[in-house]
Structures are given as C-alpha cells and as structure tokens.
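> give me a model of this one.
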Amino acid sequence: IKNLAQHTFDLTRGPLFCAQLIRLPASTRNLGRHILTLVMHHIIADGWSVEVLMNELGQLWAAYTSDRSDPLPALPLQYADVALWQQQWLGSKGLTHQIDYWKQQLAGAPSLLPLPTDYPRPAKQSFRGADFSFRIDAQTVNALRDLGQARGATLFMTLMTAYTILLSRYTQQSDICVGFPISGRQYAEMAPLIGLFVNNLVIRSDLTDNPTVAELISSIRHTTLEAFGHQDVPFDMLVDALKLERSLSHTPLLQVSFALQSKTFEQQVSEMLGSNVALLDTGWVAAKYDLNLTCFEKDDGSLDAVVEYATDLYQVDTIERMTAHWRLLLQLMIENPQQHVNHLPILSVEERQQ
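Numbering: from 1, shown residues only. From the prediction side, this is the model:
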C-alpha cells in the first residue's frame, strides 16, 4: 500500500490518475473485504476535489447497491471551462492590479525564514516528512473565539496570530511570512468540480514595534482580508513576478504554512461512505513545507491539530516542544491581550527551572 501511495506519474504522457482494487485473502476476518487505492497527481486534484470524489463514490455506491440508476446531476460547467476563464483573466488588467498589490505587500520580504533546525538544511529537499498530533480543548477554543470576535477577527486569524508570534520568537525575526491555502472556488458552480483550484496566499506581519496581542490580531485581520481580495494570482506566477531566486533546498518565499478546516478527511469519508468503509493509513507523509500546522474543528468545540514537518530538518521531540510553546502562547493571549508580544514567555515552568 505504501508503494502504491508513492506511485510516480509522467506529466508529459499520463494518465495522472491510478485506481487499484485489492481483494484480501479469504478468511473469517477478511470475508468480503477489499482495499481500493485511488492515487492522483496534485496537478489534477486538490483536497476539495478528493472530498467531491468521495461524496460521489458514496452516492454511486448507495445507488448501485440498491439497484438504482446514476444519481449524480449534470455538471453546470467543466474544469476546462474554468481553465479557459482563468487564461482570459490572466491577460486582463485585473491581474496587473493584483500583482501590483503583492509586489508592494511583499517588497523586501525574507526569502528564507531562519528557523532553528535539528539537522543542517540539505542542498536538495527530499520532501520526507512525519506528523505530530495534539488537541486544544473546547474551553480554550471558545475563549480564543471571544478574543478574536472582540476585534472583528475569526478563529483562523487569532490562531494565526499565535503562530506568527511563535515563529518570530523562534527566529528572532520581526518580518514573518506565513502561507495559507484557499479553495480558489469563488463561485458556487465550481463546488462540484474535480481539478486543481487551490492557491496559496501570504500573510506578512511586521513585529518590529513590539505590538500588543490585540494590535497584532487586528493587523493580521486586515492583512488576511486584503489577501482574500487579491487571491486570484497563482502562487507560481507571484514568485516569478517577485523575481525570487529559486533554490532546491527550500520552497520559495514560504517555508511554513497554517490552515483551519472544519473536518478531518477521516470524518468526511466516514460521513460520505458510511460505517462499512474506513481509511487505511499508509504510514507515509510528504512534507510540502518545513512546517505545516493544520487545525480541524470538532463537533464538541475542540480542535484537533496536526503538524506536518520535514524529517530532514526536525526530530519529533523538537516539534512536540514547539507545539507546547504555541499552546502556552494561546493561553497567555487569552489572559492578557494587552501584553506586548515580545514580553510573552514561551517557556513552561519546567523549562524555566531547567
């Protein structure tokens, strides 16, 4: 299964989608059980697309096992229609306006965030990764919502604030760039399509004047809303427009990312396909960034958080310690939003004693 998950595609020839059905050996435990593997290159599908695919598989499975006809409605448009629309837009004045915004917003931004690492950065990324999971309780999440809402900010913006503070303290830098993914599906007609719509936006924060927690939340709120208003420039085109020097050792401009999602993929699959279908963990993680923190909202109000990290750079103990510092920052932000960010202690009592 792990080898299937690492299937290599030829972008010049295709196909870029591979499906295999594995029939498990007959036994009392495996009677009637199968493993279906679906492997797609990212260039033809994003995370939203996989959710669409799972939903349609669930509908088709329920229909065919009940001897009903195809229940899927006709699509209002195709991915090729969207690609043509984007090509036309990329030649318009709208693109020029948005690129001018990003050039001004990211002028002089550091190309590499100097996070301390356990191992020297290799000359070429291997993208080998692992993940570390933890949970934030519902009481803390509710307090963070209230903290943000008092300043017109969402939970995403408040969590991003703590992440930015953490990165600033770890790097001793005041100019911090964090990436975050957006769906790229601005119109309802795009929702049922399978394809690559996702784009990466940049939140750049300036902590030079040692703002308070409240001031930084407001600043990140403003920057985030502006980024959404200029979200149509593909990230690779932005990198070219900024004339950033490429390196095989790290991704351009962004080495860290943050996301907040409503549900985990496991929850989505369970709801769409039913209890008789379960995901199989391949035990393989690809690290797209040095650090990628994703939080998932739970029905009980808590958050499940996962840090995906590059194993060429970090040991798991370092990631565990880093997430503990982030959680401490969340608590301190709640307790005193008027505290200046550089005065927030990130060490635990035990670490200070040590």
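> find the centremost residue of this structure, please.
residue 259 (4.3 Å; C-alpha atoms, centre = their mean).
> sec struct for that residue, please.
Residue 259 falls in the strand class when you classify it by DSSP: H, G, I helix; E, B strand; the rest coil.
> distance check, it against residue 313.
For residue 259, the distance to residue 313 (C-beta to C-beta, to the nearest Å) stands at 20 Å. Placement of C-beta: from N, CA and C, glycine included.
> how about residue 109?
For residue 109, the distance to residue 313 (C-beta to C-beta) stands at 21 Å.
> neighbour count winner among these two?
residue 313 (24 against 16; other C-beta atoms under 10 Å).
> just the pLDDT for residue 273.
Looking at residue 273, its pLDDT is 65.
> do residue 103 as well
Residue 103 is given a pLDDT of 95.
> got it, and the one 3 residues further on?
Confidence at residue 106, expressed as pLDDT, is 96.
> that one and residue 253 touch, don't they?
Yes: counting by C-beta atoms under 8 Å, residue 106 touches residue 253, with 7.3 Å between them.
> and for residue 165, the neighbour number?
Residue neighbour count, defined by other C-beta under 10 Å, stands at 26 for residue 165.
> wait, a strand at it?
No: in this structure, residue 165 is helix, not part of a strand, as judged by three-state DSSP.
> residue 303 and residue 133: what is the separation?
From residue 303 across to residue 133, the span is 11 Å (C-beta to C-beta).
> with neighbour numbers in mind, choose between these two.
Using other C-beta under 10 Å as the criterion, residue 303 and residue 133 rank with residue 303 on top: 20 against 10.
> spatially nearest residue to the more buried one (excluding sequence neighbours)?
Closest residue in space to residue 303, ignoring its immediate chain neighbours: residue 136 at 4.2 Å, by C-beta to C-beta, 6 or more residues apart in numbering.
> neighbours of the one you found, how many?
Residues lying near residue 136 (other C-beta under 10 Å) number 20.
> now swap in residue 6 and tell me
For residue 6, the neighbour count with other C-beta under 10 Å is 10.
> what does residue 91 give?
9.
> and the strands in the chain, which stretches?
Taking DSSP state E as the criterion, the chain contains strands spanning 17-23, 34-40, 128-136, 175-182, 199-206, 256-261, 285-286, 291-297, 303-310.
> and these as JSON lines, adding distance to residue 79 and mean pLDDT?
Shown next, in JSON lines, are the strands of the chain (distance: least, C-beta to C-beta, whole Å; pLDDT from 0 to 100):
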{"stretch": "strand 17-23", "distance to residue 79": "13", "mean pLDDT": "89"}
{"stretch": "strand 34-40", "distance to residue 79": "13", "mean pLDDT": "88"}
{"stretch": "strand 128-136", "distance to residue 79": "29", "mean pLDDT": "96"}
{"stretch": "strand 175-182", "distance to residue 79": "18", "mean pLDDT": "96"}
{"stretch": "strand 199-206", "distance to residue 79": "15", "mean pLDDT": "96"}
{"stretch": "strand 256-261", "distance to residue 79": "23", "mean pLDDT": "96"}
{"stretch": "strand 285-286", "distance to residue 79": "24", "mean pLDDT": "84"}
{"stretch": "strand 291-297", "distance to residue 79": "25", "mean pLDDT": "96"}
{"stretch": "strand 303-310", "distance to residue 79": "27", "mean pLDDT": "97"}
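> ok, which of the ones you listed comes nearest residue 218?
strand 199-206 (11.4 Å; C-beta to C-beta).
> now for the closest one, which elements pack on it?
Packing contacts for strand 199-206, counted by 3 or more C-beta pairs under 8 Å, 6 or more residues apart in numbering; DSSP states H and E, involve helix 93-105, helix 155-171, strand 175-182, helix 213-228, helix 235-241.
> give the buried residues for stretch 343-351.
Neighbour-count burial for stretch 343-351, counted by 16 or more other C-beta atoms under 10 Å, picks out 344, 346.
> what's that stretch in contact with?
Identification of contacts with stretch 343-351 by C-beta atoms under 8 Å, 6 or more residues apart in numbering yields 165-166, 169, 210, 213, 324-325, 328-329, 332-333, 352.
> repeat for stretch 79-86
190, 193-195, 197.
> which of those residues fall in helices?
Within the contacts of stretch 79-86, no residue falls in helices by DSSP state H.
> farthest pair within these?
190 and 194 (10.6 Å).
> beta partners of the residue nearest to residue 305 when sequence neighbours are not counted?
Using C-beta to C-beta, 6+ apart and skipping the chain neighbours, the partner closest in space to residue 305 is residue 295 (4.8 Å). Assessed by DSSP bridges, residue 295 has beta-bridge partners residue 260, residue 305.
> lowest-pLDDT helix or strand in this protein?
Of all helical and strand segments in the chain, the minimum by mean pLDDT, DSSP states H and E falls on helix 265-273, at a mean of 65.
> excluding chain neighbours, what is closest to residue 9?
residue 41 (4.5 Å).
> I'd assumed residue 11 was in contact with the one you found.
Yes: between residue 41 and residue 11 there is a contact under C-beta under 8 Å: 7.2 Å.
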